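Colleague: This is a predicted model, with the sequence first.
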Amino acid sequence: YISASPFVYQDMMGLSSMAYGIAFGCNAFALMIVSGIAARLAATRSVSGMLAAGVGLMTTGVIVVGVLVAAGVDPIWLSVPLFFTVASLGLILGNATALALGAVPAAAGSASAVLGALQFGLAAVVSPLVGLGGEDTAAPMAIVMAASALIAVVALLASRAPHHQGVRPLVG
């Protein structure tokens with residue numbers, strides 16, 4: 001999203017630099033608000049349940065983005081599911097990190113370093129992919145987001161699978 005959003009919002013939707021900044025800021029603000037809500041809910045709700053809700057919301061948003069791109073609708077409509085997809089990260093990022101670090105309490109610092117390296121490494125690999133189709137299509141962004149959502153769903157499901165022979169789940 002971060003790599004593709006300038007193309008989608010400015011080139012495809014025709015937003016000015018200022019309008020793009022406002023749109024990007026609104027999405028970031030939504031992520032911040034949902035993160036705050038998740039932090040408050042952590043006292044009364046299951047961390048894994050909030051993570052599942054976030055992955056479900058993100059996946060739904062990504063599917064809607066894909067359908068809109070495939071249908072060739074006016075790109076301005078992409079801003080709605082993108083807003084919800086970005087906001088859903090407020091339920092995902094902190095909760096996934098908490099579950100992952102909780103799985104290895106004796107090595108939480110090392111685990112945090114590995115998580116950070118994986119996040120930046122994957123971002124470096126994925127970022128160029130969203131530009132493959134040029135500046136006139138959001139299809140590469142939709143495909144990369146769909147692949148990422150699929151990985152998140154598979155990881156979530158794997159973390160909920162019964163433990164076999166001492167194998168720890170990916171998350172939680």
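Modeller: Yep, that arrived. Residues are numbered from 1 along each chain as shown.
Colleague: C-alpha from now on. contacts and neighbour counts both.
Modeller: OK.
Colleague: What distance do you get for Val69 to Phe120?
Modeller: Look at Val69 and Phe120: by CA to CA, to the nearest Å, they are 27 Å apart.
Colleague: between the two, which one's more packed in?
Modeller: Neighbour tally, Val69 and Phe120, criterion other CA atoms under 10 Å: the higher count belongs to Val69, 21 against 11.
Colleague: host element of the more buried one?
Modeller: helix 47-71 (DSSP states H and E).
Colleague: The helix or strand following that helix: how far from the chain's middle?
Modeller: Using DSSP H and E, the next helix or strand after helix 47-71 towards the C-terminus is helix 79-102. Distance of helix 79-102 from the chain centroid (CA atoms, centre = their mean, to the nearest Å) equals 6 Å.
Colleague: Same check on stretch 49-67?
Modeller: Relative to the centre of its chain, stretch 49-67 is centred 9 Å away, using CA atoms, centre = their mean.
Colleague: buried stuff in it?
Modeller: Neighbour counts over stretch 49-67 (16 or more other CA atoms under 10 Å) mark 50-52, 54-66 as buried.
Colleague: Give me the residues contacting that stretch.
Modeller: Stretch 49-67 has contacts (CA atoms under 8 Å, 6 or more residues apart in numbering) with 38, 78, 81-82, 84-86, 88-92, 95-96, 139, 142-143, 145-146, 149-150, 152-153, 156.
Colleague: Show me which of the residues you listed are buried.
Modeller: Here, 16+ other CA under 10 Å leaves 38, 78, 81-82, 84-86, 88-92, 95-96, 139, 142-143, 145-146, 149, 152-153, 156 buried among the contacts of stretch 49-67.
Colleague: mind checking how far Ile143 is from Val34?
Modeller: On the measure of CA to CA, Ile143 and Val34 end up 25 Å apart.
Colleague: What of Gly25?
Modeller: For Gly25 relative to Val34 (CA to CA), the value is 14 Å.
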